[in-house]
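Engineer: generate a structure from the sequence data that follows.
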Amino acid sequence: EAPPPRVRPIQATVGETLADQVRRYLQNLPEDKVPITYGKLARALGYWAPGSIAKVTSALEATMRVDAALSTPFVAARAVSRDGNELPGKGFFELAQALGCGPMDGETDRVFHERLLVEVSSTLKKN
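Structural biologist: Numbers count the residues shown, from 1 in each chain. Below is the predicted model of the structure:
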């Protein structure tokens with residue numbers, strides 16, 4: 001017997017990009033679920049096929065570009081690698097640096113990430 005099809009927990013609205021879906025999901029993610037791994041984020045959005053995590057990380061990068069342009073904290077900080085250190089992948093930090101929004105002088109990646117999580121949470125509570 002075939003299993004039932006996987007249901008997409010979050011549905012895209014007309015004209016919504018994957019980056020928009022990622023942003024909406026991360027903004028609505030309860031604090032006790034932060035951070036979420038890239039894999040869990042992909043599955044939460046209904047992406048199961050090989051290459052899904054790459055699609056999600058590209059969408060996360062798109063949100064970072066928008067956030068940098070708007071001078072808002074990176075909502076992408078709420079998603080992390082599955083390697084157990086609860087930090088985003090190396091690409092997150094490289095892009096943050098390239099966008100001119102990387103760690104402050106003397107700030108480690110971990111401290112930078114923790115600061116971003118606080119800033120994102122604070123911003124979301126205001127809205």
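Engineer: C-alpha from now on. contacts and neighbour counts both.
Structural biologist: Will do.
Engineer: shaky segments in the chain?
Structural biologist: By pLDDT under 70, the weakly predicted segments of the chain are 1-14.
Engineer: helices of that one, start to end?
Structural biologist: Across the chain, reading from the start of the chain, the helices by DSSP state H fall at 18-28, 38-44, 52-70, 90-98, 109-126.
Engineer: what is the neighbour count of His102?
Structural biologist: No His there; residue 102 is Gly. When neighbours are defined as other Cα atoms under 10 Å, Gly102 has 17 of them.
Engineer: Leu99 and Arg65, how far apart?
Structural biologist: The gap separating Leu99 from Arg65 is 7 Å, by Cα to Cα, to the nearest Å.
Engineer: wait, what's in contact with the residue positioned nearest the centre of the chain?
Structural biologist: With distances taken as Cα atoms, centre = their mean, Ala76 lies nearest the centre of the chain, 3.0 Å away. Residues touching Ala76, when contacts are defined by Cα atoms under 8 Å, 6 or more residues apart in numbering, comprise 23, 26, 60-61, 63-64.
Engineer: report the buried members of those.
Structural biologist: When these are checked for burial by 16 or more other Cα atoms under 10 Å, the buried set is 23, 26, 60-61, 63-64.
Engineer: nearest to Ser81, of the helices of the chain?
Structural biologist: helix 38-44 (6.0 Å; Cα to Cα).
Engineer: with just CA atoms, put that closest one into PDB.
Structural biologist: These are the backbone C-alpha positions of helix 38-44, laid out as PDB (Å, rounded to 0.1, in the frame of the first residue of the first chain):
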ATOM      1  CA  TYR A  38      17.900  23.700   6.900                       C
ATOM      2  CA  GLY A  39      16.600  20.200   6.400                       C
ATOM      3  CA  LYS A  40      13.600  20.700   8.800                       C
ATOM      4  CA  LEU A  41      12.900  24.000   7.100                       C
ATOM      5  CA  ALA A  42      12.900  22.400   3.700                       C
ATOM      6  CA  ARG A  43      10.500  19.600   4.900                       C
ATOM      7  CA  ALA A  44       8.300  22.100   6.600                       C
END
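Engineer: what helices and strands are in contact with it?
Structural biologist: With contacts taken as 3 or more Cα pairs under 8 Å, 6 or more residues apart in numbering; DSSP states H and E, helix 38-44 sits against helix 52-70, strand 79-80.
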